[in-house]
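> Model the structure of this input:
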Amino acid sequence: MAIRIAQDPHADEVLTNDSFALLAGMLLDQQFPMERAFAGPAKVLDRFGTLDPSAIAAAEPEAFADLCATPPAIHRYGRSMAGRLQALAKVVAEEYDGDASRIWTEARTGEALMKRLRALPGFGEQKAKIFTALVAKQLGVKPAGWTTVVGDYGKKGYRSVADVVDPDSLAKVRAFKQEKKAAARA
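Below you'll find the model as predicted:
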């Protein structure tokens, strides 16, 4: 299944074909429009030449930060996110032999997947739940009990990036998030 989160053919192709790109996009999805966050890995690929976690982890930090912060930056906080991306790449390189997909394909249960995701730099409880829902809904990877651990994110509807498959669903997710923020302020 082709992923269409970034709403850009090249960026979505990178997300579809590179498991580290998908994981990196999720890392970047904070305090930044989701489609732009998920376009970040394609920018890294175009500028750095690879998304190989070992190469990213080994890159000289200042040069990599410059690459990530160059307009259009991979994130509003491009330099800071460059460091987080390198930390994530290091874990994937060292613990999963550079194959990010092993994080979700080798997890036997939803709780095991959540534990693996929460152990990643930049992934807390909510981000782990959303990513678990994303791999289940968009990649068809549904370890036993995944719906229990993701709660509302596993339901049908338009709640998170896991539900984005086209421009219409992106608008619905954005509206849902705005409603939640308005309710929290009230």
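
> What residues of the host helix or strand of F131 count as buried?
Here F131, judged by DSSP states H and E, is contained in helix 125-139. Within helix 125-139, the residues scored as buried using 16 or more other C-beta atoms under 10 Å are 127-139. Heads up, the C-betas are built off the backbone N, CA and C, glycines and all.

> From the centroid of the protein, which residue is nearest?
M26 (1.6 Å; C-alpha atoms, centre = their mean).

> distance between the ends of stretch 133-145?
Distance between the two ends of stretch 133-145: 11 Å, counting by C-alpha to C-alpha, to the nearest Å.

> Looking at it now, give me its mean pLDDT.
The average pLDDT within stretch 133-145 is 93.

> Same question for stretch 98-118.
So the average pLDDT for stretch 98-118 ends up being 97.

> F38 and M26, how far apart?
8 Å (C-beta to C-beta, to the nearest Å).

> same question, I130
Distance from I130 to M26, by C-beta to C-beta: 7 Å.

> next one: A73
Applying C-beta to C-beta to A73 and M26 gives a distance of 18 Å.

> same question, A57
For A57, the distance to M26 - C-beta to C-beta - is 18 Å.

> Residues that sit against both of I130 and M26, list them.
Residues touching both I130 and M26 by C-beta atoms under 8 Å, 6 or more residues apart in numbering: V161.

> Do a quick rundown of the helices in the chain.
For the chain, the helices defined by DSSP state H occupy 9-17, 19-28, 34-48, 53-58, 61-69, 78-95, 102-105, 110-118, 125-139, 146-150, 167-185.

> out of the ones you listed, nearest to G157?
Closest approach to G157 among the helices of the chain (C-beta to C-beta): helix 167-185, 7.5 Å.

> what packs against the closest one?
Contacts defined by 3 or more C-beta pairs under 8 Å, 6 or more residues apart in numbering; DSSP states H and E place helix 167-185 against helix 34-48.

> Can you check what angle separates the helix it packs on from helix 9-17?
90 degrees (axes from the mean of the first three to the mean of the last three C-alpha atoms, to 10 degrees).
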